[in-house]
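1. Here is a sequence with its predicted model. Questions after.
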Amino acid sequence: MTDTRPIRRVLLAPFDKRGLSEFARALVDQGATLVSSGGTAKVLRDAGLRVTSVEEVTGSPEMLGGRVKTLHPRIHAGLLADMRDSDHVRQIEELGIEPFDMVVAGLYPFRETVASGADFDTVIENIDIGGPAMVRAAAKNHHSVATIVNAGRYEDVLAEIRDSGGVSYETRKALAAEAYAHTAAYDAAIAGWFSRQATEGLPAFVGLALEKVEDLRYGENPHQRGSLYREVAGPGPMGGAEVLQGKGMSYNNWLDLEAAYGLVAMLPEPSVVIVKHNNPCGAATGDSLADAYGKAFESDTVSAFGGVVAFRGKCDLGAAQAMKDVFTEVVVAPDFEADALSAFAERKNLRVVRAPTPDNIGFDIRAIPDGALVQDRDLVVETRGDIEVVSAREPTDEEWRDLLFAWAVALRVKSNAIVFARDLATIGVGAGQMSRVDSAVLAVRKAGGRAAGCVMASDAFFPFPDAVETAAEAGITAVIHPGGSVRDEEVLGVAEKAGMAVVVTGRRHFRH
């Protein structure tokens with residue numbers, strides 16, 4: 001269908017006025033008349049444009065502090081009259097109602113108001129009523145009306161009007177789809193916020209509105225389609241991550257970037273995490289980022305090949321040079337020194353991403369067919385004062401330091417998780433095995449003879465003493481785990497016999 005409709009009468013009511021006067025002037029130059037209300041009308045008049053006020057159209061003043069202005073039959077009949085329907089045309093002509101050919105609208109800044117920390121009543125006042133009603137009415141009637149909710153559309157629509165004398169059906173239909181996505185996201189944000197106000201636990205409603213940022217080459221595998229989305233009105237994926245260098249990010253790159261950056265955010269500066277296939281293969285805190293990278297790399301020099309590296313702190317030249325001989329897919333940091341970027345620029349296949357340090361707050365949402373699982377994000381909040389020493393021997397200060405470090409890393413290792421650490425660096429990581437003893441065996445193998453003198457973290461209790469026996473044979477000196485197994489005493493007995501210190505947190509950190 002190629003029906004093109006001229007734009008003769010336009011209703012303008014966007015909250016965001018940027019670029020509006022220029023757009024409206026261009027519409028007038030193409031023969032359109034303008035209708036607007038309140039602050040929008042003032043902006044247009046101040047720009048020297050002739051505007052008919054909504055009050056003149058409706059014969060009614062704005063009321064209730066602006067809550068009621070466009071909610072009127074003379075507005076909505078002009079939006080909803082299907083000009084293909086002779087009966088609709090007859091009715092509005094008899095009532096002296098003029099149809100609209102275009103609506104330009106944007107809604108009150110509800111999400112921005114919530115994000116600002118405003119009080120309850122202020123947030124309520126920023127729930128738009130008339131705006132969504134206009135947008136939905138015009139979009140429903142897209143056969144006759146063009147609906148613009150995004151200022152980024154102004155130039156394209158103007159170009160089409162100039163070229164063809166109006167807006168095509170295909171464009172009106174696409175604009176209507178954008179309009180409904182806009183109001184759906186807006187309503188989801190309101191419903192989600194209200195639900196959180198009314199519920200002490202997890203909310204009864206969780207709304208997640210996403211818009212496409214870009215298509216990816218493919219998904220997790222080449223036969224799967226993949227795209228990157230952002231939360232509507234949010235800063236963008238990973239808090240507004242910017243790809244400063246390199247080819248486009250892949251689906252797996254984004255997954256690994258989140259895993260690496262989420263973990264490094266829980267470690268102090270300067271720290272480095274190297275992730276491969278969504279698991280940390282190396283993590284360390286050092287005297288500098290270069291030092292931390294070297295320690296993290298030594299944890300698993302094989303798995304680090306083709307990994308994602310996350311920095312806690314501004315990446316400098318020393319850090320860039322420390323990783324120059326290791327093939328790396330992505331490096332991410334909150335910022336980069338200019339000379340570090342210059343060094344990275346020599347590596348054409350390296351993607352360099354700048355992103356704000358994640359706060360790791362909010363909900364963890366995982367899709368399942370026809371639904372989703374929602375939970376609080378898991379965080380390590382345990383401190384030395386919260387943790388119980390159950391062994392006869394208290395850990396040394398150095399062991400305590402490494403136990404807490406290993407405990408933080410274990411949170412981001414897929415279960416069953418075993419982490420060996422020494423001197424604030426991972427030495428061996430056993431991830432994602434179906435039995436805990438297999439993870440312990442894997443960690444010993446990854447440590448490659450360096451396990452002696454390390455501490456061990458286990459994300460969950462030991463159902464049998466075999467994993468602790470494996471660790472004891474490798475020379476592990478201290479263990480941190482949640483406790484809670486019916487065999488805790490048996491496990492402790494094995495550890496005591498080996499001279500290990502054992503502490504329990506009472507808190508599990510599974511990650512499936």
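-> Noted; the coordinates are in hand. Here the structure is a predicted model, which is why all the values come from computation and not from measurement. Numbering: from 1, shown residues only.
2. Just the pLDDT for Met238.
-> Met238 carries a pLDDT value of 91.
3. is it true that it lies in a helix?
-> Yes - counting by DSSP: H, G, I helix; E, B strand; the rest coil, Met238 is found in a helix.
4. where does this structure dip in pLDDT?
-> 1-2, 59, 63, 65-66, 68-71 (pLDDT under 70).
5. pretty sure Ser271 is touching Ala265, no?
-> No - counting by CB atoms under 8 Å, Ala265 is not a contact partner of Ser271; they are 9.2 Å apart. (C-beta placed from N, C-alpha, C; glycine too.)
6. Of these two, which one has the most company?
-> Neighbours per residue, other CB atoms under 10 Å: of Ser271 and Ala265, the larger number sits with Ser271, 27 against 18.
7. which residues touch the more buried one?
-> Applying CB atoms under 8 Å, 6 or more residues apart in numbering, we find Ser271 in contact with Val264, Ala283, Ala284, Thr285, Gly286, Ala292, Phe311, Arg312, Gly313.
8. Now for Ser288: which residues touch it?
-> Contacts of Ser288 by CB under 8 Å, 6+ apart are Pro270, Asp316, Gly318, Ala319.
9. State the distance from it to Leu404.
-> Going from Ser288 to Leu404 by CB to CB, to the nearest Å gives 21 Å.
10. Give me the subset of the contacts of Ser271 that lies in helices.
-> Using DSSP state H, the subset of these located in helices is Val264, Ala292.
11. how about the contacts of Ser271 in a markdown table, adding neighbour count and distance to Val437?
-> Below are the contacts of Ser271 laid out as a markdown table (neighbours: other CB atoms under 10 Å; distance: CB to CB, whole Å):
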| residue | neighbour count | distance to Val437 |
| --- | --- | --- |
| Val264 | 32 | 29 |
| Ala283 | 32 | 23 |
| Ala284 | 27 | 26 |
| Thr285 | 22 | 29 |
| Gly286 | 18 | 31 |
| Ala292 | 29 | 31 |
| Phe311 | 28 | 34 |
| Arg312 | 23 | 32 |
| Gly313 | 19 | 37 |
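12. what touches both of Ser271 and Ala265?
-> Arg312.
13. Show me how the chain divides into domains.
-> With domains defined by automatic domain parsing, the chain comprises 4-198, 242-374, 384-504.
14. Can you tell me which of these is most buried?
-> Mean neighbour count (mean count of other CB atoms under 10 Å) peaks for domain 384-504 among those, with a mean of 21.
15. Regarding it, how distant is the last residue from the first?
-> Using CA to CA, to the nearest Å, one end of domain 384-504 lies 10 Å from the other.
16. cool, and stretch 102-109?
-> 22 Å.
17. ok, and what's touching it?
-> Residues contacting stretch 102-109 (CB under 8 Å, 6+ apart): 7, 9-16, 20, 23, 27, 32, 79, 126-128, 131-132, 134-135, 138, 145-149, 151, 167, 182-183, 186.
18. Out of the residues you listed, name the ones that lie in helices.
-> Leu20, Phe23, Leu27, Leu79, Gly131, Pro132, Met134, Val135, Ala138, His182, Thr183, Tyr186.
19. export those to TSV and tack on distance to Pro61?
-> Compiled in TSV, the ones in helices among the contacts of stretch 102-109 are given as follows (distance: CB to CB, whole Å):
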residue	distance to Pro61
Leu20	23
Phe23	27
Leu27	26
Leu79	20
Gly131	19
Pro132	22
Met134	18
Val135	23
Ala138	24
His182	28
Thr183	27
Tyr186	27
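20. Quick check: the farthest pair among the residues you listed?
-> By the measure CB to CB, Leu27 and Tyr186 form the most distant pair in the ones in helices among the contacts of stretch 102-109, at 25.1 Å.
21. what residue of the chain is the furthest out?
-> Glu94 (52.0 Å; CA atoms, centre = their mean).
22. Look up which helix or strand that one falls in, please.
-> helix 86-95 (DSSP states H and E).
23. Each with direction, which strands does the helix or strand just after that helix pair with?
-> On the C-terminal side of helix 86-95, the closest following helix or strand by DSSP H and E is strand 102-105. Applying DSSP bridges, strand 102-105 is found paired with strand 9-13 (parallel), strand 146-148 (parallel).
24. and those as CSV, adding distance to Ala343?
-> Formatted as CSV, the strands paired with strand 102-105 follow (distance: least, CB to CB, whole Å):
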stretch, distance to Ala343
strand 9-13, 51
strand 146-148, 45
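25. one step back: make a markdown table from the domains of the chain and add distance to Arg511 to it.
-> Shown next, in a markdown table, are these (distance: least, CB to CB, whole Å):
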| stretch | distance to Arg511 |
| --- | --- |
| domain 4-198 | 25 |
| domain 242-374 | 9 |
| domain 384-504 | 6 |
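26. closest to Arg217 out of these?
-> domain 242-374 (6.4 Å).
27. Relative to the whole chain's centre, how far out is that closest one?
-> Per CA atoms, centre = their mean, to the nearest Å, the displacement of domain 242-374 from the mean C-alpha position of its chain is 17 Å.
28. ditto for stretch 39-50
-> 38 Å.
29. again with stretch 208-222
-> So, by CA atoms, centre = their mean, the centroid of stretch 208-222 is 13 Å from its chain's centroid.
30. What are the boundaries of the strands in the stretch 151-300 of the chain?
-> Assignment of strands within the stretch 151-300 of the chain using DSSP state E, counting those that start in this stretch yields the ranges 167-168, 210-215, 227-231, 242-245, 271-276, 279-285.
31. ok, the shortest one: who's next to it in the sheet?
-> Strand pairing for strand 167-168, using DSSP bridges, gives strand 4-5 (antiparallel).
32. now what about the partner strand, what contacts it?
-> Residues external to strand 4-5 that are found in contact with it (CB under 8 Å, 6+ apart): Met83, Asp101, Ser144, Ala146, Ser164, Gly165, Gly166, Val167, Ser168, Tyr169, Arg172.
33. just stretch 32-45 next, same as before
-> So stretch 32-45 is contacted by 7-14, 17, 20-21, 24, 27-28, 49-55, 57, 62, 66, 69-70, 100-102 (CB under 8 Å, 6+ apart).
34. what angle do whichever strand or helix holds Val429 and strand 279-285 make?
-> For Val429, the host element (DSSP H and E) is strand 426-430. Here strand 426-430 runs at an angle of 160 degrees relative to strand 279-285 (axes from the mean of the first three to the mean of the last three CA atoms, to 10 degrees).
35. Report the two of the contacts of Ser288 separated the most.
-> Comparing every pair within the contacts of Ser288 by CB to CB identifies Pro270 and Gly318 as the most remote, at 10.2 Å.
36. hey, what's in contact with both of the two?
-> Counting by CB under 8 Å, 6+ apart, the residues touching both Pro270 and Gly318 are Ser288, Leu289.
37. For Leu27, which residues are in contact?
-> Ile7, Val10, Leu34, Met102, Leu158, Ile161.
38. please redo it, this time with the cut-off set to 7 Å
-> Taking CB atoms under 7 Å, 6 or more residues apart in numbering, we find Leu27 in contact with Ile7, Val10.
39. And for Val494?
-> Pro465, Val468, Glu469, Ala472.
40. Leu424 and Leu404 touch, don't they?
-> No - counting by CB atoms under 7 Å, Leu424 stays clear of Leu404, with 9.5 Å between them.
41. Could you measure from Asp376 over to Asp386?
-> Counting by CB to CB, the gap from Asp376 to Asp386 is 18 Å.
42. for Arg5, same thing?
-> Distance from Arg5 to Asp386, by CB to CB: 67 Å.
43. try Pro358
-> 24 Å.
44. How about Arg196?
-> To Asp386, Arg196 is 28 Å away according to CB to CB.
45. picking that back up, I'd like the contacts of Ser288 as TSV, with distance to Ala410 and secondary structure appended.
-> Listed next are these as TSV, based on distance: CB to CB, whole Å; DSSP: H, G, I helix; E, B strand; the rest coil:
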residue	distance to Ala410	secondary structure
Pro270	21	coil
Asp316	29	coil
Gly318	29	helix
Ala319	25	helix
